[in-house]
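K.L.:
sequence and predicted model, in that order:
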Amino acid sequence: MEKLVSEHRLGRQMVIGNMTVIPVEKTFYSARLVGSGLWMAGAMEPVAIIIITSGGVMALDMTAAELSLSDIHQMAPHLTDQLNKRLE
């Protein structure tokens, strides 16, 4: 039996001068029973960054194309509440 879990999450925010950068990460976890043991693996992939400055909020994907916050919401609706808390 194999179990695969994939989810988006907000990474650890970094403050650089008057700018805050929040990474958006996609994580993958897999677990499988192999004989009498358990095989587990995990990976993390950056998918976007959110940049907050005194001038506003912007998001970029990993090709530096601009995203709207609604694009982030469509990607991972559960992140909206977490992001709103960080934006306060």
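P.N.:
Perfect, I can see it now. Residues are numbered from 1 along each chain as shown.
K.L.:
return the distance of the helix or strand containing Leu60 from the chain's centre.
P.N.:
Following DSSP states H and E, one finds Leu60 within strand 56-61. Centre-to-centre, strand 56-61 and its host chain are 13 Å apart (CA atoms, centre = their mean, to the nearest Å).
K.L.:
for that strand, buried residues please.
P.N.:
Ala59, Asp61 (16 or more other CB atoms under 10 Å). (Glycine included, C-beta is placed from N, CA and C.)
K.L.:
what's next to that strand, contact-wise?
P.N.:
For strand 56-61, contacts defined as CB atoms under 8 Å, 6 or more residues apart in numbering pick out 24, 47-51, 66-69, 71-72, 87.
K.L.:
just the helices in this protein please.
P.N.:
For the chain, the helices defined by DSSP state H cover 69-75, 79-87.
K.L.:
re earlier: out of the contacts of strand 56-61, which is nearest to Glu2?
P.N.:
Of all the contacts of strand 56-61, Val47 has the smallest distance to Glu2: 23.8 Å, by CB to CB.
K.L.:
any idea how far Trp39 is from the closest one?
P.N.:
Plainly put, Val47 is 26 Å away from Trp39 if you go by CB to CB, to the nearest Å.
K.L.:
tell me which of these two has more neighbours.
P.N.:
Each of Val47 and Trp39 has its neighbours counted (other CB atoms under 10 Å); Val47 has more, 16 against 11.
K.L.:
so the more buried one sits right up against Thr27, yeah?
P.N.:
No. Shown here, Val47 and Thr27 do not form a contact pair, counting by CB atoms under 8 Å, at 10.3 Å.
K.L.:
shared neighbours of these two, which are they?
P.N.:
Joint contacts of Val47 and Thr27 (CB under 8 Å, 6+ apart) are His8.
K.L.:
which helices and strands sit right next to the least confident helix or strand in the chain by mean pLDDT?
P.N.:
Lowest by mean pLDDT, DSSP states H and E among the helices and strands of the chain is helix 79-87, with a mean of 78. Contact analysis of helix 79-87 by 3 or more CB pairs under 8 Å, 6 or more residues apart in numbering; DSSP states H and E lists strand 2-10, strand 19-34, helix 69-75 as its packing neighbours.
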